[in-house]
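Peer 1: Starting from these lines, generate the structure:
(chains A and B)
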2 protein chains.
Amino acid sequence: VTPLEYLAARGDQILGELIEFAGIPSVSTDPLHRDDMTRAAEWVAGVMRDGGPIDVRIVPTGGHPVVYGEWLGAPNARTLLVYGHYDVQPPDPLDRWLSKPFEPEVRDGRLYGRGVSDNKGPMLIPLKVAQAYLLTRGALPLNVKFIFEGEEEIGSRNLEPFLTANRAMLRADSVLSADGAMWRSDEPSVTIANRGVAGLEFTLKGASRSLHSGRYGGSIANALHAMAEIVASLHAPDGRVAVVGFYDDVAALPDAERREIRELPFDEARFLAEVGAPATFGEPGYSTLERQWIRPTLEVNGMWGGYQGRGSQTVTPNEAHAKISCRLVPDQDPDEVRALVARHLETHLPAGVSLSIGGERHAARAYRIPSDHPGLLTAERVLEQVYGKKALRVRMGSTLPVSELFKRLLGIDTVFFSFSTADEDFHSPNEFFRVHRLGEGLEAWARYWESYARRSEQ
Amino acid sequence: VTPLEYLAARGDQILGELIEFAGIPSVSTDPLHRDDMTRAAEWVAGVMRDGGPIDVRIVPTGGHPVVYGEWLGAPNARTLLVYGHYDVQPPDPLDRWLSKPFEPEVRDGRLYGRGVSDNKGPMLIPLKVAQAYLLTRGALPLNVKFIFEGEEEIGSRNLEPFLTANRAMLRADSVLSADGAMWRSDEPSVTIANRGVAGLEFTLKGASRSLHSGRYGGSIANALHAMAEIVASLHAPDGRVAVVGFYDDVAALPDAERREIRELPFDEARFLAEVGAPATFGEPGYSTLERQWIRPTLEVNGMWGGYQGRGSQTVTPNEAHAKISCRLVPDQDPDEVRALVARHLETHLPAGVSLSIGGERHAARAYRIPSDHPGLLTAERVLEQVYGKKALRVRMGSTLPVSELFKRLLGIDTVFFSFSTADEDFHSPNEFFRVHRLGEGLEAWARYWESYARRSEQ
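Peer 2: Below you'll find the model as predicted:
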């Protein structure tokens, strides 16, 4: 049998493995899931070892381990660095899930569970493709170095030291990423750019304890009023970010590229129906796709204080909390944006409260691949073979910090070749992965390896 | 033995009974504590029955029951309606308590526990005074009708129908309330006015689910940004409430009464140290005491949405929630104030979100007792006997909805005669009750009954 036949015959078995993998609650942000992170890393290493003569190591980092594996038996072929991540977002809010987040369930051709789309389904694909080649042919078409990290959902903070320390080992022609997500379920696409991110948390404190709102109300600052005031000050009413200097380093996009975006098929009504919102909202002067892809944002991801239970509790809250993340576009520096936001908070601090800024360093620059990159052209060619139509060139509003890291530290570009889709509710309740994408992905990855193998081809 | 001697010899025993009573988590706002509410009502009825020939009934209402008891064996004496409540505030946030909220503990002369000060300690006092009289003399100095409700902390919403339905049974010369709290621990005081309250909750909704802040951020309204904007709009930056019409019905206080307030001993630095705040904050043109006593407020008691866990979750939250309560002064109508706030929310609704307003009806008008009321004069005389100095006339920022209800429905005024103190952190973690207040309260209530008994006296 050929590797493609081998894979085509094993769809259900591979789906079963994905269900097992996604059953491990590998929530990287939560220290309570540390053991699950270890379990997930071992699961990934196990699949590689079972596949054949891949040299596998679980490499400790300052945080969660990297699972590394390599097969270098094709001296005349190109070398790919294959990337994915085995960590997942927290499942909150739990009460919105129709089935348990860590007990994946197939309904109507979709697998529901935390991490099935981001990134466990997509990252399982190259592992199974390698297995298929090694079992049917005893060799891969090209050299492959697998790197699966456990900190993508928390900003890949230990990946940088890992890459720096292992430059020689990781040498490759380019990165092929199992992470990334296609734009649409009905149109194949390649992603040519993604936004960066910079995050922080802050707390406002008034009195030393929460006070009775009858006895003290009106005479001492209410931390929630102060929070509302300072958060409201972060945006102009029209949606523009009001932080001084926020747009200073934003690279303007050439008109030709804005025209390309305008020409993409995008139905605003369908988009609104999909997210269930009454209207779009954002920075004036830009379309919805531009707001998602080429403009920076500042979003409050969480904000809270005071009594949240049933009924009423008449307190004047003394503490209020918020988590913020900014999406960045080319030329914006994450540390500088964090500093601008911090300065804004300091200069807009309402009377009667103090400010403390914290939060982990969750930061990455934006990234853009050259339009004529051979790995990108290979992806377009393969997608046309698998789907029978031309792939769209799109951008991504979210952040894949690794692409910028691989470029900066290893000097290579990243091609995103994920078979999840942007609408699969990763980071939300009821995350799902379309089951048919598993088969399509297995075929596409096998074809990509065949096609990209020969240096002479480009 | 006299009733006073009887009581003086039983301080420890009565403290033990209070510890037992406060061990029942009678949180009226939380449906999970429904059985505890029943248990607390039965405990109160049990103490009355043990006291002697008091006719006791637990009367069901639309919510938690009223415990009613009467002793009417003094046909020539006055009749007092004695009021208190057996329900308590929720104990949240639990992690701030030094001892468990429902396992009361004495430390340094203070009993710590939820409800010990508001209102279980103070309401136990008249029960034990009645017991002392009935056991030592077989009679009370005057007629007493006890009414202990279980919904004070949730706006006494079923007290109005109860009072309306039982006007004849409840006929009395005045109300003596075990609820209310004195202003200072070192100065006896009588309270001549309290603020009213009007509350509501609201929710803002954008998309039908929370969205990935990378993919969608910047193109769809973030419910937390909208919440911050609308909450910030409720106040002017200087602290004034910005709701149109909010101050329209506020009765101006005569200059003489403002002067009385200015002449009270009040140390701003000591106040700030007590609440642990860096500065006072509130409506311009008024002192701290005026802001607490004679001016209306609008306070956000809780506000929340998005991710509150450890680390980060990059979501664009689609829902945000807030709980609001306003403190009212004479001539403001709670329903009208609620309507004004609701109209403000509707007219200030940010783009891209919808508004729903809910919350229980938590409403009461402000109240003021006439300066020459015989029950008030009795309280001042008794406090001078017990403490050896003149009682201050003060106001109360918080709400005791019953005083306005008793006046409106039964036509009688309420004298507040509580032996808790305003600084005892009710509605906050580590609520406490000064143990020595128990003995002082028992003596004072006994003297009050003796003194107020004879009609001719005034």
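Peer 1: Where does the stretch 351-458 of chain A get nearest to chain B, which residue?
Peer 2: Closest contact between the stretch 351-458 of chain A and chain B, by Cβ to the nearest Cβ, is at residue A:398 (2.5 Å). (Glycine included, C-beta is placed from N, CA and C.)
Peer 1: Who are the contact partners of that residue?
Peer 2: Shown in contact with residue A:398 (Cβ atoms under 8 Å, 6 or more residues apart in numbering or on different chains): A:194, A:195, A:327, B:212, B:213, B:214, B:215, B:314.
Peer 1: Repeat the analysis, applying 7 Å as the threshold.
Peer 2: For residue A:398, the contacting residues are A:194, A:195, B:212, B:214, B:215, by Cβ atoms under 7 Å, 6 or more residues apart in numbering or on different chains.
Peer 1: Could you identify the most distant pair in the residues you listed?
Peer 2: Taking Cβ to Cβ, the two most distant members of these are A:194 and B:212; they sit 12.5 Å apart.
Peer 1: Which residue of those two possesses the greater neighbour count?
Peer 2: Neighbour count, other Cβ atoms under 10 Å in any protein chain shown: between residue A:194 and residue B:212, residue A:194 has more, with 28 against 22.
Peer 1: Am I right that the more buried one is in contact with residue A:369?
Peer 2: No - contact criterion Cβ atoms under 7 Å: residue A:194 and residue A:369 do not qualify, at 9.6 Å.
Peer 1: and the lowest-mean-pLDDT helix or strand in chain A, which strands flank it?
Peer 2: None of the helices or strands of chain A scores lower by mean pLDDT, DSSP states H and E than strand A:363-364, at a mean of 84. Strand pairing for strand A:363-364, using DSSP bridges, gives strand A:196-205 (antiparallel).
Peer 1: What distance do you get for residue A:346 to chain B?
Peer 2: 15 Å (Cβ to the nearest Cβ, to the nearest Å).
Peer 1: Let me know the secondary structure of the residue of chain A positioned farthest from its centre.
Peer 2: No residue in chain A sits farther from the centre than residue A:215, which is 47.8 Å out by Cα atoms, centre = their mean. Of the three states, residue A:215 takes coil according to DSSP: H, G, I helix; E, B strand; the rest coil.
Peer 1: what pLDDT does it get?
Peer 2: Looking at residue A:215, its pLDDT reads 86.
Peer 1: For it, give me its contacts.
Peer 2: The contact partners of residue A:215, taken as Cβ under 7 Å, 6+ apart, are B:292, B:397, B:398, B:422.
Peer 1: can you pick the most crowded of those?
Peer 2: Counting by other Cβ under 10 Å, top hit in those: residue B:292 with 28 neighbours.
Peer 1: which residue sits closest to it in space, ignoring its chain neighbours?
Peer 2: Spatially, and ignoring its direct neighbours in sequence, residue B:292 is nearest to residue B:397 (4.0 Å; Cβ to Cβ, 6 or more residues apart in numbering or on different chains).
Peer 1: wait, the one you found sits on residue A:211?
Peer 2: No - counting by Cβ under 7 Å, residue B:397 stays clear of residue A:211, with 10.4 Å between them.
Peer 1: burial count for residue A:454?
Peer 2: 13.
Peer 1: contacting residues around it?
Peer 2: Contacts for residue A:454 (Cβ under 7 Å, 6+ apart) come out as residue A:77.
Peer 1: for chain B, what are the nearby residues on the stretch 1-150 of chain A?
Peer 2: With the criterion set to Cβ under 7 Å from any Cβ of the partner chain, the stretch 1-150 of chain A comes near chain B through A:29, A:30, A:31, A:89, A:90, A:92.
Peer 1: Those into a markdown table, with extra columns for neighbour count and pLDDT?
Peer 2: Formatted as a markdown table, the residues of the stretch 1-150 of chain A next to chain B follow (neighbours: other Cβ atoms under 10 Å in any protein chain shown; pLDDT from 0 to 100):
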| residue | neighbour count | pLDDT |
| --- | --- | --- |
| A:29 | 21 | 92 |
| A:30 | 18 | 92 |
| A:31 | 10 | 92 |
| A:89 | 26 | 94 |
| A:90 | 23 | 94 |
| A:92 | 21 | 89 |
